[in-house]
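[1] Take this sequence and fold it.
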Amino acid sequence: MKQFLPDVKLGKGDSMAHNFELNNNGLEEDTQMGKYLTFSLEKEYYGIEIKYVTEIIGIQTITGVPELPDYIKGIINLRGKIIPVMDVRLRFKKYSKAYNDRTCIIVVDMEEISVGLIVDSVSEVLSIGEGEIVPPPEIQKSGNRFIKGIGKVGNEVKLLLDCDKLLNEEDKGSLLKE
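    Down below sits the predicted model:
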């Protein structure tokens, strides 16, 4: 089966790990600050702080695990490391969609666990300054719990995710036992 691996646009000095440079005062500065890996679910665009992202891989065989929530599709073996994978569509209560050659798994480190996030496609790494990020509207108490902010990029908006809230405490407890 032919696998499509995304052509993620990385700017000069960008990588999927923390980079530090010395500023004019001789202090270390995180060069990943304000950088987001953007991806799509249908026609909506989301961003994850690049500091959480460890790698991007094409979709692969997922082994189901009983008694996990529907949005946790199972586990993958990534070079000997077992990683749980979450379908972000299902986590956001969207309809399920068959995976295709554009479907990717974004591997992120959340607190004490690595998780693969299944998304429709990966777009690019963008720099979004603090002045271009506004808080999400307060529609209902739990309605925006996954959204940390809304990034304004030109005439578009990117919903910026709070990675630490994608898994609740019960999910983390179940996955850490695996």
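[2] Might you report the residue contacts of Leu166?
    86, 88, 91, 110, 115, 117, 146 (C-beta atoms under 8 Å, 6 or more residues apart in numbering). Where C-beta positions appear, they are placed from N, C-alpha and C, glycine not excepted.
[3] Can you spell out which helices and strands pack onto the helix or strand where Asp109 lies?
    Per DSSP states H and E: Asp109 is located in strand 104-110. Judged by 3 or more C-beta pairs under 8 Å, 6 or more residues apart in numbering; DSSP states H and E, strand 104-110 is in contact with strand 35-41, strand 53-58, strand 113-119, strand 121-127.
[4] Mind listing what's buried along that strand?
    104-108, 110 (16 or more other C-beta atoms under 10 Å).
[5] can you give me the helices for the protein?
    Secondary structure of the chain (DSSP state H): helices located at 88-91, 169-177.
[6] average pLDDT across the shortest one?
    Right, helix 88-91. Averaging pLDDT along helix 88-91 yields 93.
[7] Equivalent analysis for the last one, please.
    Here helix 169-177 scores 59 as its mean pLDDT.
[8] Stretch 134-146 too?
    Rounded mean pLDDT across stretch 134-146 is 72.
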